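Trainee: Turn this into a model:
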Amino acid sequence: ILDDNYDRDVIGYYEEDNYLSINILFIRGGKLLDKKSNIFPMINDTREEVLSYISNFYDKHTTRVKEVLVPDMDINLVLEGSFSLKFITPQRGVKREILKLAMDNAKNYYNEQISMIKKDEEKINNSLNLLSELLLIDKCNHIEIFDNSNIFGSFNVSGMVVFIDGKKQVNMYRKFKISNDKNDDYGTMREVIYRRYFRVLKDNLERPDLIIVDGGVGQINVAREVIKELGLDIAV
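Mentor: Residues are numbered from 1 along each chain as shown. I've put the predicted structure just below:
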């Protein structure tokens, strides 16, 4: 590809229908050695998503490449202040052609993957709609799930996992250390549900459409009592 024998990364991206596709070409010794492609839904604007992806990538991957080719001047200026790497945006010549190749690869990857992604999304939406019908609730796009555990009857903890639109939201997962050290699952359920949804009210956080608790009728009734005491209307 290049006859200068330098090591460099080339980053291209493509955005459509609120999805971002990114392609990275790994050029080593002037030769294309490997590539990496990803596609994901965007939460922020395109520039912020691209910056976040590249920053996370170089936080996790130590590299000594001579330079990194990126499509936008304003992006490379931000990145150069964060990493000891040279980010450049070529305007002409072979480097510009290689950058265009990465951009084209990102678009092609989007086209290859989007039909499968949309089929998966349709399947998830159908499942959520069916679940709502079975539970007689309007929707269940935001689900919070609780499970309690203890070690040798003490050191009680409870975990919460969150799904939004059928996708796990790891950054919203929580672990609660329970103040009561007795092997009392009902007490643990009462404490964790109260603590979680008191904070939802206090901090005006988004309320789930559905709460799922691990256990039996007793645990469900305890959770429902707490939700009612807090003046909330959330299916359990």
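Trainee: What separation do you get for the residue lying closest to residue 87 once chain neighbours are set aside and residue 68?
Mentor: Once flanking residues are discounted, residue 87 sits nearest to residue 76: 3.5 Å by C-beta to C-beta, 6 or more residues apart in numbering. Heads up, the C-betas are built off the backbone N, CA and C, glycines and all. Spatial separation of residue 76 from residue 68 under the definition C-beta to C-beta, to the nearest Å is 8 Å.
Trainee: shared neighbours, those two?
Mentor: Residues touching both residue 76 and residue 68 (C-beta atoms under 8 Å, 6 or more residues apart in numbering): 87, 88.
Trainee: lowest average confidence, helix or strand, in the chain?
Mentor: With mean pLDDT, DSSP states H and E as the measure, the helix or strand of the chain carrying the lowest mean pLDDT is helix 73-80 (a mean of 81).
Trainee: Show me the contact partners of it.
Mentor: The list of residues contacting helix 73-80 from outside it, by C-beta under 8 Å, 6+ apart, reads 47, 50-51, 54-55, 58, 68, 70, 85-89.
Trainee: Can you tell me which of those lies closest to residue 31?
Mentor: Distances from residue 31 to the contacts of helix 73-80, taken as C-beta to C-beta, are shortest for residue 68 (16.9 Å).
Trainee: Check the offset of the strand or helix carrying the closest one from the chain's centre.
Mentor: Element membership for residue 68, per DSSP states H and E: strand 67-69. Relative to its parent chain, strand 67-69 has a centroid offset of 26 Å by C-alpha atoms, centre = their mean, to the nearest Å.
Trainee: Partner strands of it and their direction?
Mentor: strand 8-16 (parallel), strand 87-88 (parallel) (DSSP bridges).
Trainee: OK, contacts around residue 121?
Mentor: residue 166.
Trainee: What is the end-to-end distance of stretch 161-173?
Mentor: 5 Å (C-alpha to C-alpha, to the nearest Å).
Trainee: ok, the residue positioned nearest the centre of the chain to residue 113 distance?
Mentor: Nearest to the geometric centre of the chain sits residue 169, at 6.0 Å (C-alpha atoms, centre = their mean). Distance, residue 169 to residue 113, using C-beta to C-beta: 21 Å.
Trainee: cool, residue 66 as well?
Mentor: Here the distance between residue 66 and residue 113 works out to 31 Å (C-beta to C-beta).
Trainee: Now do the strands in the protein.
Mentor: For the chain, strands defined by DSSP state E occupy the ranges 8-16, 19-28, 31-41, 67-69, 87-88, 142-151, 154-164, 167-168, 174-177, 210-213.
Trainee: Kindly reformat these as a markdown table and extend each row with mean pLDDT.
Mentor: Listed next are the strands of the chain as a markdown table, based on pLDDT from 0 to 100:
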| stretch | mean pLDDT |
| --- | --- |
| strand 8-16 | 95 |
| strand 19-28 | 95 |
| strand 31-41 | 92 |
| strand 67-69 | 93 |
| strand 87-88 | 91 |
| strand 142-151 | 88 |
| strand 154-164 | 86 |
| strand 167-168 | 86 |
| strand 174-177 | 90 |
| strand 210-213 | 97 |
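Trainee: Fine, thanks again, bye for now.
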